[in-house]
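Asks: Coordinates for the following, if possible.
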Amino acid sequence: MLRQIAHEVELRKEFLQGETIQTIYLGGGTPSLAEPNWLKEIFDTIKENFTLDLQEATLEANPDDLTEAKLDQWQKLGIDRLSLGIQSFQDEVLTFYNRAHSAEESIQAIQRARNAGFKKFSMDLIYGFPHADHSIWEKDLSLAIAQNPGHLSCYALTVEPKTALGNWTEKGKFQPAEEDFVAEQFEMLQSKTERAGYLQYEISNFALPGQESVHNSSYWKGEPYLGLGPGAHSFDGKNRGFNPSNNALYLKSIQNERIIYTEDPMDEIDRLNEYLLTALRTSWGADFDLIKSNYGKDLKMEKRSHLEKLESEGWLVWNGNRLSLSKSGKLLADSIAQSLFY
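Replies: Here you go, the predicted structure:
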């Protein structure tokens, strides 16, 4: 599979129209399981086909994959940021999530990576695990911050249909937490990270100053990117699209020197609405001057009464002509953004 992904790099080298590559992100699936020499083939192919000015190269990794040998080889490839799938520091919760690592192994893995010379990390945590109180989440947050990762990505536990958790829920074997319980844990997350000096620079992402993810920030800023592999999504600056998620179909197309890429055309209104959706998730917010110049819409005047209503509810924050969400508004980010759509 990785060899075919490397070949896709060659087949799609014109997609970004000669733009310089500033970030590489190896994620989706578990790239830390791959042999480093396979990852090297992908890196080498990228270097051969694109102009690079790398600011950041990230690898998603499970804590139990962080051996000294792999850490050394990843650094030699140029990987300088690790995104660690911690999920929880409670062993009973990790067992429920079917994770192979233990809480102690997570802490040891972080220290091992630091000893190997890595300085940039992100920890993934999941909140909203159903429990009698908030003690599990309180412990997870305290332990995570104590490791001083510099960056936290925190997501609410969601039940997706046609998954094991979805099937358990349907059969009554699992009862998701109530919305208010999850919202309270989100507010705990905001409060505890703020006290520790972290900025909530995106709804689910918190960083110490200067440790924001450069790669993920480019998504929220609407910058073009090329996604490689089965199910990968791409954006050329105007339209989005995606590769087939079926592995066999993807492999066959690459072997036949073809790209089965489904483009999802976007008109100006689609782009404006997407800008609102992504920008309002960030600390820098939506720039109403940019909206007027790029999309020809005077949103401040055209949506004036609705904006005043949202502001009176305490959900909005104005900084000049930029609009962002208050701490309480972040709980309703998607619905607020959608209420401003054209």
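Asks: now what about the helix or strand where Phe186 lies, what contacts it?
Replies: Using DSSP states H and E, Phe186 falls within helix 179-195. Residues from elsewhere that reach helix 179-195 (Cβ atoms under 8 Å, 6 or more residues apart in numbering): 127-128, 130, 134, 137-138, 141-142, 145, 152, 154, 156-157, 200, 206, 327, 330-331. All C-beta atoms are positioned from the backbone trio N, CA, C, and that covers glycine.
Asks: do stretch 29-49 as well
Replies: So stretch 29-49 is contacted by 2-3, 5-7, 9-10, 13, 21, 24, 26, 52, 59-62, 65-66, 70, 73-74, 77-78, 229 (Cβ under 8 Å, 6+ apart).
Asks: From those, list the buried ones, please.
Replies: Using 16 or more other Cβ atoms under 10 Å as the burial test, the contacts of stretch 29-49 include 2, 5-7, 9, 21, 24, 26, 59-62, 65-66, 70, 73-74, 77, 229 as buried.
Asks: Name the residues of the helix or strand hosting Ala333 that come out as buried.
Replies: Using DSSP H and E, Ala333 sits in helix 333-339. Using 16+ other Cβ under 10 Å as the burial criterion, the residues of helix 333-339 that qualify are 333, 336-337.
Asks: same check, this time on stretch 225-238
Replies: Using 16+ other Cβ under 10 Å as the test for burial, stretch 225-238 gives 225-230, 232, 234-235.
Asks: swap in stretch 122-137?
Replies: Neighbour-count burial for stretch 122-137 [16+ other Cβ under 10 Å]: 122-129, 136-137.
Asks: Give me the mean pLDDT for the lengthiest strand in the chain.
Replies: Ranked by number of residues, the top strand in the chain under DSSP state E is strand 52-61. Taken as a whole, strand 52-61 carries a mean pLDDT of 96.
Asks: Okay, now the sheet partners of it, with direction.
Replies: Applying DSSP bridges, strand 52-61 is found paired with strand 21-26 (parallel), strand 81-87 (parallel).
Asks: okay if I get those strands as TSV plus mean pLDDT and distance to Phe181?
Replies: Below are the strands paired with strand 52-61 laid out as TSV (pLDDT from 0 to 100; distance: least, Cβ to Cβ, whole Å):
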stretch	mean pLDDT	distance to Phe181
strand 21-26	97	32
strand 81-87	96	18
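Asks: Identify, out of these, the most deeply packed stretch.
Replies: strand 81-87 (a mean of 24; mean count of other Cβ atoms under 10 Å).
Asks: one step back: output the helix holding Phe186 as CSV, restricted to C-alpha atoms.
Replies: The C-alpha trace of helix 179-195 is given here as CSV (Å, rounded to 0.1, in the frame of the first residue of the first chain):
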residue,chain,number,x,y,z
GLU,A,179,-25.3,16.2,26.2
ASP,A,180,-25.1,18.3,29.3
PHE,A,181,-22.5,16.0,30.9
VAL,A,182,-20.4,16.2,27.7
ALA,A,183,-20.8,20.0,27.6
GLU,A,184,-19.6,20.3,31.2
GLN,A,185,-16.5,18.3,30.4
PHE,A,186,-15.8,20.7,27.4
GLU,A,187,-16.1,23.6,29.8
MET,A,188,-13.7,21.9,32.2
LEU,A,189,-11.3,21.4,29.3
GLN,A,190,-11.4,25.1,28.5
SER,A,191,-10.9,26.2,32.1
LYS,A,192,-8.1,23.8,32.9
THR,A,193,-6.1,24.4,29.8
GLU,A,194,-6.5,28.2,30.1
ARG,A,195,-5.1,28.1,33.6
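Asks: for it, which positions count as buried?
Replies: 181-186, 189-190, 192-193.
Asks: And the average pLDDT for that helix is what?
Replies: The model assigns helix 179-195 a mean pLDDT of 98.
Asks: Burial check on the residue nearest to Gln255 when sequence neighbours are not counted, number of neighbours?
Replies: Leaving aside its sequence neighbours, Gln255 sits nearest to Gln4 (Cβ to Cβ, 6 or more residues apart in numbering; 7.0 Å). By other Cβ atoms under 10 Å, the residues close to Gln4 number 18.
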